[in-house]
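A.B. asks: Below: sequence and its predicted model.
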Amino acid sequence: MSFDSHGSPRERRAVGTIERTGPADPLDLLGRVPYGRLATSMRALPFLAVARHIVSDGRILLRMHRGFGHHEACDGSVVAYGADNYNDAASGDGGNLWSVQFTGPAEIVHLCPEQEELFGAAPVSVNGEPYAPAYLRVDPHFVTEHTLDF
């Protein structure tokens with residue numbers, strides 16, 4: 001058992017290979033926002049990249065711009081992917097805020113047209129260059145979930 005910030009015990013539950021402590025399913029939370037940040041390293045330097053995500057069969061599928069080569073740096077490596085609803089605070093929607101971070105191996109994948117459609121419209125350009133999509137699959141082995149209750 002672990003303790004929350006108020007000192008009350010909270011059971012640790014496991015979902016597949018994902019251990020979590022909060023009441024909401026982190027994959028469900030991820031489905032509430034369209035974009036997040038992918039973290040890994042490239043040539044021994046850490047970087048963050050914006051990615052569009054969907055959840056499919058308990059795995060996270062990411063669409064990102066091929067032009068920077070970030071997808072190639074991630075292929076076969078352990079990465080972290082995180083998303084949050086912190087923009088809700090800025091928009092004045094109120095409610096509770098959350099963030100989730102998933103860590104696990106990533107691999108380049110080639111999606112069928114039906115899966116590509118689930119991502120919705122792609123950007124036209126990135127930093128003035130035509131957008132070219134690349135897709136990764138992240139198999140989450142560890143998840144961290146944080147909530148800010150108001």
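C.D. replies: Nice, I can see it.

A.B. asks: Was I right to think residue 123 contacts residue 131?
C.D. replies: Yes: under the criterion of Cβ atoms under 8 Å, residue 123 makes contact with residue 131 at 4.6 Å. All C-beta spots, glycine's among them, are computed from the backbone N, C-alpha and C.

A.B. asks: In terms of neighbours, single out the busier of the two.
C.D. replies: residue 131 (15 against 12; other Cβ atoms under 10 Å).

A.B. asks: ok so, going back, what do residue 123 and residue 131 both touch?
C.D. replies: residue 65 (Cβ atoms under 8 Å, 6 or more residues apart in numbering).

A.B. asks: Residue 116 versus the closest residue to residue 69 other than its chain neighbours, what's the distance?
C.D. replies: In this structure, residue 69 finds its nearest non-sequential neighbour in residue 42, 7.6 Å apart by Cβ to Cβ, 6 or more residues apart in numbering. Distance check for residue 42 against residue 116: by Cβ to Cβ, to the nearest Å, it reads 25 Å.

A.B. asks: what pLDDT does the closest residue to residue 31 other than its chain neighbours get?
C.D. replies: For residue 31, ignoring the flanking residues on the chain, the nearest one in space by Cβ to Cβ, 6+ apart is residue 55 at 5.6 Å. We note a pLDDT of 92 for residue 55 in this prediction.

A.B. asks: Residue 108 against residue 72, yeah?
C.D. replies: Yes: using Cβ under 8 Å, residue 108 is in contact with residue 72, at 7.4 Å.

A.B. asks: tally of neighbours for residue 54?
C.D. replies: Counted with other Cβ under 10 Å, residue 54 comes out at 17.

A.B. asks: Please read the previous query as pertaining to residue 43.
C.D. replies: Neighbour tally, residue 43, other Cβ under 10 Å: 6.

A.B. asks: Wait, a helix at residue 73?
C.D. replies: Yes: assessed with DSSP: H, G, I helix; E, B strand; the rest coil, residue 73 lies in a helix.

A.B. asks: check contacts around it.
C.D. replies: 40, 41, 42.

A.B. asks: Which one (most neighbours) among those?
C.D. replies: Going by other Cβ under 10 Å, residue 40 tops those with 17 neighbours.

A.B. asks: Quickly find the element holding that residue.
C.D. replies: For residue 40, the host element (DSSP states H and E) is strand 35-42.
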